[in-house]
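Trainee: Below is the sequence, then the predicted model.
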Amino acid sequence: MTAAASVTDGRSRLRAILGGSAGNLVEWYDWYSYSATALYFAPVFFPKGDQTAQLLQTAAVFAVGFFARPIGAWIMGRYSDRAGRKAALTLSVAMMCLGSLVIALTPGAAQIGIAAPIILLLARIFQGLSLGGEYGASATYMSETAGRAHRGFWSSFNYVTLIGGQLVALAVLIVLQHLLPAAAMAQWGWRIPFAIGAGLAVVAFWLRRRMQESQSFLRTDAPAAERGSPRLLLLRYPRETLTILGLTAGGSMIFYVYTTYMQKFLTNTAGFSKADATELSAATLIAFLVAQPLCGWLSDRIGRKSMLLMAFGGGALITWPVMTRLAVAGSTGTAFLLILAAVLFESAYTSISAVVKAELFPTNLRSLGVALPYALANALFGGTAEYVALWFKSAGAESGFYIYASALSAVSFLAALTMRDTRIHSRILED
């Protein structure tokens, strides 16, 4: 390869990564706007009960949205393996745009009664279908276009943009909290992030229409009947499918403990104000985001398996002491350091989550193989994290949740222990 061709190839790869990343960020911003603003809109859609009861109901809707994700993963994963990564990514961001717009415009229970929470639920189901396909298609696309030598580093931007979407959602909320009075935020200000998300999704749709298809997909010669087949996936790759289920169980649980649920925990248990809890969450998310490419780069040198063992071993050991100390932290500085320690361990998983899963499957089943078991485990453990945590709290046994999260991390540790290092045994053949 000539120097000029190498530069052109590098630029094409960078454009592909940036194009996939931008749309991924918007999708996750739209998804996480729900969690970021839940403290404000919970009384609008669920006016009965105290704050914990209202948050329980919004967490239940959040969990139902997650249970739509396996269906979306199945539909969109098959579509990605048959029609291409670009087609699936474009469709998923359009669906997310519509869901955000519906939430932004839906009147509260005081205006339309029981119809309000029903519409909210339907919008979240639609977004769940979108996101179920987004993860598999984007993880596959970014891993396929990354190149063998730096695949861990470049594919880590899948979680950089995932965390970035959550961070932008919190940043928008922080700005609104400073610009609007508390009464205005509670009445209508919480709708603004959803309207912004719908607008950004239109931009992402345009960007994805201009993306190039991955070479892995273009070069596959698998028959049409063997592309995106759930039956083929389970018959030929049962161990790989179970490995993803095991890795995602603890990985998604710990992720949601320290990201989406942490904002509520700091307010509802640790006694911080809503503003302080939001700013603390934003600060730790920035550190979490920065750690992704660093850990991805490290995985290109020491291997994926070592990183996973570090992540889940650490998660199993520190979750109990970190959460117990956070509950009585008192100062924002102490709380920040505790959460920071936890998310640094988690980064050893999240940074390579996409590439590890993509490297387990051949091209014709890759999107489905990444998306479906991930979405199933995420629905069972990640999507229910807030609800389970709040249930333990309402039952007066909040520490039981810390044990539950630690146990799931231990399960993922065992899954990582029994797998091969995908950096060495990758099924992504194109460089």
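Mentor: That came through, no problem.
Trainee: make it CA atoms for all contacts and neighbour counts henceforth
Mentor: OK.
Trainee: what does the helix or strand hosting Leu56 contact?
Mentor: Counting by DSSP states H and E, the element that carries Leu56 is helix 51-67. Contact with helix 51-67 is made by 34-35, 38-39, 42-43, 46-48, 120-121, 124-129, 268, 375-376, 378-380, 383-384, 386-387, 390-391, 394, as judged by Cα atoms under 8 Å, 6 or more residues apart in numbering.
Trainee: Please check the residues you listed and keep the buried ones.
Mentor: Buried by 16 or more other Cα atoms under 10 Å: 34-35, 38-39, 42-43, 46, 120-121, 124-129, 268, 375-376, 378-380, 383-384, 386-387, 390-391, out of the contacts of helix 51-67.
Trainee: now the angle from the least confident helix or strand in the chain by mean pLDDT to helix 51-67?
Mentor: Using mean pLDDT, DSSP states H and E, helix 3-45 stands out as the lowest-scoring helix or strand of the chain, at a mean of 73. Angle, helix 3-45 to helix 51-67, by axes from the mean of the first three to the mean of the last three Cα atoms, to 10 degrees: 140 degrees.
Trainee: counting contacts, what elements does helix 3-45 pack onto?
Mentor: Counting by 3 or more Cα pairs under 8 Å, 6 or more residues apart in numbering; DSSP states H and E, the packing neighbours recorded for helix 3-45 are helix 51-67, helix 85-105, helix 109-112, helix 115-146, helix 157-179, helix 182-187, helix 192-209, helix 260-268.
Trainee: Go again with 6 Å.
Mentor: Where contact means 3 or more Cα pairs under 6 Å, 6 or more residues apart in numbering; DSSP states H and E, helix 3-45 is packed against helix 157-179.
Trainee: Met262 - nearest residue in space that isn't next to it in sequence?
Mentor: Using Cα to Cα, 6 or more residues apart in numbering and skipping the chain neighbours, the partner closest in space to Met262 is Ser281 (7.0 Å).
Trainee: what about that neighbour, neighbour count?
Mentor: Neighbourhood size, Ser281 [other Cα atoms under 10 Å]: 27.
Trainee: secondary structure class for it?
Mentor: helix (DSSP: H, G, I helix; E, B strand; the rest coil).
Trainee: What pLDDT is listed against it?
Mentor: pLDDT recorded at Ser281 is 87.
Trainee: Next: the one 4 residues further on.
Mentor: At Leu285, the pLDDT value in this model is 88.
Trainee: SS state for it?
Mentor: Once three-state DSSP is applied, Leu285 turns out helix.
Trainee: burial count for it?
Mentor: The tally of other residues near Leu285 (other Cα under 10 Å) stands at 23.
Trainee: List the residue ranges of this protein that fall below the pLDDT cut-off.
Mentor: The chain contains residues with pLDDT under 70 at 1-13, 49-50, 431.
Trainee: in it, which residue is closest to the centre?
Mentor: For the chain, the residue nearest the mean C-alpha position is Leu162 (5.6 Å; Cα atoms, centre = their mean).
Trainee: Could I get the contacting residues of it?
Mentor: 25, 28 (Cα atoms under 6 Å, 6 or more residues apart in numbering).
Trainee: make it 7 Å
Mentor: Going by Cα atoms under 7 Å, 6 or more residues apart in numbering, Leu162 touches 24-25, 28.
Trainee: buried set for whichever strand or helix holds Phe312?
Mentor: Phe312 belongs to helix 304-326 when elements are defined using DSSP H and E. Neighbour counts over helix 304-326 (16+ other Cα under 10 Å) mark 304-316, 318-320, 322-323, 326 as buried.
Trainee: now stretch 240-256
Mentor: For stretch 240-256, a neighbour-count test (16+ other Cα under 10 Å) marks 240-256 as buried.
Trainee: again with stretch 271-278
Mentor: For stretch 271-278, burial by neighbour count (16+ other Cα under 10 Å) applies to 271-272, 274, 276-278.
Trainee: Just send those back as TSV, with distance to Val411 and secondary structure too.
Mentor: Compiled in TSV, the buried residues of stretch 271-278 are given as follows (distance: Cα to Cα, whole Å; DSSP: H, G, I helix; E, B strand; the rest coil):
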residue	distance to Val411	secondary structure
Gly271	32	coil
Phe272	32	coil
Lys274	34	helix
Asp276	34	helix
Ala277	30	helix
Thr278	31	helix
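Trainee: Same list (those residues) but as CSV, adding distance to Leu368.
Mentor: Compiled in CSV, the buried residues of stretch 271-278 are given as follows (distance: Cα to Cα, whole Å):
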residue, distance to Leu368
Gly271, 43
Phe272, 42
Lys274, 39
Asp276, 40
Ala277, 37
Thr278, 35
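Trainee: Closest to Phe361 out of those?
Mentor: Thr278 (38.7 Å; Cα to Cα).
Trainee: OK, contacts around the closest one?
Mentor: Taking Cα under 7 Å, 6+ apart, one finds 170, 174, 263 in contact with Thr278.
Trainee: Please list the residues outside the helix or strand hosting Phe153 that contact it.
Mentor: Using DSSP H and E, Phe153 sits within helix 151-155. Under the criterion Cα under 7 Å, 6+ apart, residues 142-143, 146, 293, 296-297, 299-300, 352, 354-355 lie in contact with helix 151-155.
Trainee: if we go to 8 Å?
Mentor: 17, 139, 142-143, 146, 293-300, 351-352, 354-355.
Trainee: cool, stretch 186-199 as well?
Mentor: For stretch 186-199, contacts defined as Cα under 8 Å, 6+ apart pick out 26, 29-30, 33, 37, 40-41, 44, 96-98, 100-101, 103-105, 169, 172-173, 176, 180.
Trainee: what's the answer for stretch 224-233, then?
Mentor: 74, 77-82, 241, 364-369.
Trainee: ok, 7 Å please
Mentor: So stretch 224-233 is contacted by 77-78, 81-82, 364-365, 368-369 (Cα under 7 Å, 6+ apart).
Trainee: Show me which pair in the residues you listed is furthest apart.
Mentor: Across the contacts of stretch 224-233 (Cα to Cα), the longest gap, 13.2 Å, separates Arg82 and Gly369.
Trainee: Of the two, which one has the most company?
Mentor: Comparing Arg82 with Gly369 by other Cα under 10 Å, the one with more neighbours is Gly369, at 32 against 22.
Trainee: Pop out the phi and psi values for the more buried one.
Mentor: When read as degrees, to the nearest 10, the backbone of Gly369 gives phi -60, psi -40.
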